[in-house]
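**Q** give me a 3D structure for the following:
(2 chains)
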Amino acid sequence: MRVATFNVNGVRARIPVITRFLRQHEPDVLCLQETKVVDEDFPVEPFEKLGYECAICGQKSYNGVAIISRVPMKQVTTGLDDEPFDHTRLIRARVGGIHLINTYVPQGRDVETEHFRYKLDWLGRLRGFIERNYTTRQRMLWVGDINVAPEPRDVHDPKGMMNHPDFHPDARAALADVVAWGLTDVFRKHNDEDGQYSFYDYRNPRSVKHNSGWRVDLMHATRALANRCTAARIDIKPRTWKRPSDHTPVIAEFDL
DNA sequence: ATGGTCGGCAACCGA
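**A** Predicted coordinates for the structure are as follows:
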């Protein structure tokens, strides 16, 4: 089974990029973040034409998550299990024999603001959610735009980024606490090198050229599932296509 | 250089 995650920054603006990606890689499941559209206006047709069904939870202008799958999905639910639920930041399903969670973790804006506190709390609540709903013996996969780069090798300028909400030690500790429940970063299972990034800020016109990126789009599996992960990679090609997202897809293969 | 460019949506907000 092949699973991908992609922060598309507006699903309607990105249909040509997403469908080209689907045709090229034929993932069984594609998790989207920042769809930025209410469910009634979600463009399901281009996905259904390619043989995929859509589980969606969006809102106007901001946030929004979706699971696009060509294998049947069941038990689709949205949101955390305590308030604020943030339904448009978490969607999960049982698909292809795995328990899949797709999240768009709050970005945090600035470490001095309440938004950063909210992000840290959100990751703490996610750990509780995972503890209550899963066991480490299950084949569970947590993917999405996590908005945290786990290690210094996951950002281009670790010292300069220390006060950034995606690399601040408190953010990394909050992520590490979720991971410590019993998860493996499947990209890191198969890739040791630094300079492998999934995000390049639109606002820095030279970020791609200078490889000034971040690895914040992550896939974490329970050991029961990570043991069966045979490959994981960041697909840089969509970055070179017309109207790219500032994020790039991450793909993992599982022998199930 | 506390800038820059996007998407959504119709003035700015969020990233």
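
**Q** using PDB, write out every CA atom in stretch A:72-87.
**A** Output of stretch A:72-87 as PDB, limited to C-alpha atoms (Å, rounded to 0.1, in the frame of the first residue of the first chain):
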ATOM      1  CA  PRO A  72     -12.600   1.700   0.700                       C
ATOM      2  CA  MET A  73     -12.700   3.900   3.800                       C
ATOM      3  CA  LYS A  74     -14.700   3.200   6.900                       C
ATOM      4  CA  GLN A  75     -15.200   4.700  10.400                       C
ATOM      5  CA  VAL A  76     -14.400   8.200   9.100                       C
ATOM      6  CA  THR A  77     -14.500  10.800  12.000                       C
ATOM      7  CA  THR A  78     -13.200  14.300  12.300                       C
ATOM      8  CA  GLY A  79     -11.700  16.400  15.100                       C
ATOM      9  CA  LEU A  80     -10.100  15.800  18.400                       C
ATOM     10  CA  ASP A  81     -12.100  14.200  21.200                       C
ATOM     11  CA  ASP A  82     -12.100  17.300  23.600                       C
ATOM     12  CA  GLU A  83     -12.800  20.900  23.000                       C
ATOM     13  CA  PRO A  84     -12.000  22.800  20.900                       C
ATOM     14  CA  PHE A  85     -12.500  19.900  18.500                       C
ATOM     15  CA  ASP A  86     -10.900  21.600  15.500                       C
ATOM     16  CA  HIS A  87     -12.800  19.300  13.100                       C
END
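
**Q** what mean pLDDT does that stretch have?
**A** Stretch A:72-87 comes out with an average pLDDT of 98.

**Q** give the buried residues for stretch A:161-180.
**A** Within stretch A:161-180, the residues that count as buried by 16 or more other C-beta atoms under 10 Å are A:161, A:164-168, A:170-172, A:174-175, A:178-179. In short, each C-beta sits where N, CA and C put it, glycine included.

**Q** now, which of those lie within helices?
**A** A:D170, A:A171, A:R172, A:A174, A:L175, A:V178, A:V179 (DSSP state H).

**Q** give me the nearest residue to the fourth one, chain neighbours excluded.
**A** I take that to be A:A174. Taking C-beta to C-beta, 6 or more residues apart in numbering, and ignoring the residues beside it in sequence, A:A174 has A:L123 as its nearest neighbour in space, at 3.9 Å.
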